[in-house]
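> I'd like to go over a predicted model; first the sequence, then the structure.
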Amino acid sequence: MRSRNIFNPDPKVPFKLSRSKLEDFTRCPRCFYLDRRLGVGRPSMPSFNLNSAVDTLFKKEFDVHRANGTPHPLMEHYKINAVPFQHPKLNEWRQNFQGIQVHHPLSNFIFTGAVDDIWVTPDNQLHVVDYKSTANENGVSLDGMYKDGYKRQIEIYQWLFRASGFDVSNIGYFVYANGRTDRKAFDGKLEFDIEILPYTGDDSWVEPSLLKARDCLESNTLPESAPDCEHCTYRKESKEVEK
């Protein structure tokens, strides 16, 4: 049982809540409560090192154009009138466990999220950008249940940057690398098709969710499981078998 990062109900002490933990609350309040209130987290997932490598290389590639103040050729191809955003805090905003941070007084959360990239238009409006990588013979899209989490991710970043005083477009972008499996051989390298998928976000759900997450943590009653939560289903069924 964990003893760190446990919710403190003292109203004088802000509690740090990450984007991923609000996503946990959205998916299953019971798992969220067990983790942040009682210190029993979900089993850890393995690191997706190939995905992380793609993210790192994307950042290096777009950073060249950031330094030069020029659009990436992909941005020109998709007729996106913007360039990678230069800001002294960009590296801080990208760091896991750091990210962009906003104190939300109504919930008394310090809400955080680590963004992949930000682009800026000529009139200083920001576009939130997220890098994704996969290998799908049918191509990439934003359809599917787990893609809803991707969309919420963009919307949370939009909310965070708006709350930090920036003018943020509702349109965010996914830069998608799709690994190709139609090559004759591996030959020590992976090849990708790169696409940019636009997404029009709506962050109006974020603040109400922060307030609900606060109410959840302040309760002394363990909340109900989400009907489709695999973790709660496993715990329940394993208990039945053990009986």
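Sure thing, it's come through.

> Arg152 against Asp24, yeah?
No - in this structure Arg152 lies outside contact range of Asp24 using C-beta atoms under 8 Å: 11.4 Å. C-betas here are computed from N, CA, C, even on glycine.

> Buried residues of the strand or helix carrying Pro198, list them for me.
Assigned by DSSP states H and E, Pro198 falls within strand 192-200. Judged by neighbour count using 16 or more other C-beta atoms under 10 Å, the buried positions of strand 192-200 are 194-195, 197, 199.

> Same question for stretch 7-21.
Quick answer for stretch 7-21 (16+ other C-beta under 10 Å): 7, 14-15, 17-19, 21.

> tell me how far the ends of that stretch are from each other?
From the first residue to the last, stretch 7-21 extends over 12 Å; the measure is C-alpha to C-alpha, to the nearest Å.

> likewise stretch 83-92?
Termini of stretch 83-92 sit 19 Å apart (C-alpha to C-alpha).

> Show me what the strand holding Pro198 is packed up against.
helix 73-77, strand 171-179 (3 or more C-beta pairs under 8 Å, 6 or more residues apart in numbering; DSSP states H and E).

> Find the nearest non-adjacent residue to the residue nearest to the spatial centre of the chain, please.
In the chain, the centroid-proximal residue (C-alpha atoms, centre = their mean) is Gln153; its distance is 3.9 Å. Excluding its sequence neighbours, the residue lying closest to Gln153 (C-beta to C-beta, 6 or more residues apart in numbering) is Asp130, at 6.2 Å.

> How about the contacts made by that neighbour?
115-117, 150, 153-154, 157, 172-175 (C-beta atoms under 8 Å, 6 or more residues apart in numbering).

> Columns distance to Ile80 and pLDDT on top of those, output as CSV?
CSV is the format used below for the contacts of Asp130 (distance: C-beta to C-beta, whole Å; pLDDT from 0 to 100):
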residue, distance to Ile80, pLDDT
Val115, 17, 98
Asp116, 15, 97
Asp117, 12, 98
Tyr150, 19, 96
Gln153, 19, 97
Ile154, 15, 98
Tyr157, 17, 98
Gly172, 11, 98
Tyr173, 7, 98
Phe174, 12, 98
Val175, 11, 97
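
> In TSV, list the helices and strands packed on strand 192-200 along with mean neighbour count.
Shown next, in TSV, are the helices and strands packed on strand 192-200 (neighbours: other C-beta atoms under 10 Å):
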stretch	mean neighbour count
helix 73-77	14
strand 171-179	21
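
> Nearest to Lys239, out of the ones you listed?
Judged by C-beta to C-beta, the one of those that comes nearest to Lys239 is strand 171-179, at 39.6 Å.

> Now the longest helix seen in the chain: buried residues?
The residue-count maximum for a helix in the chain (DSSP state H) belongs to helix 49-68. Across helix 49-68, burial judged by 16+ other C-beta under 10 Å covers 54-55, 58-59, 61-62, 65-66.

> That helix to strand 192-200, inter-axis angle?
Angle, helix 49-68 to strand 192-200, by axes from the mean of the first three to the mean of the last three C-alpha atoms, to 10 degrees: 70 degrees.
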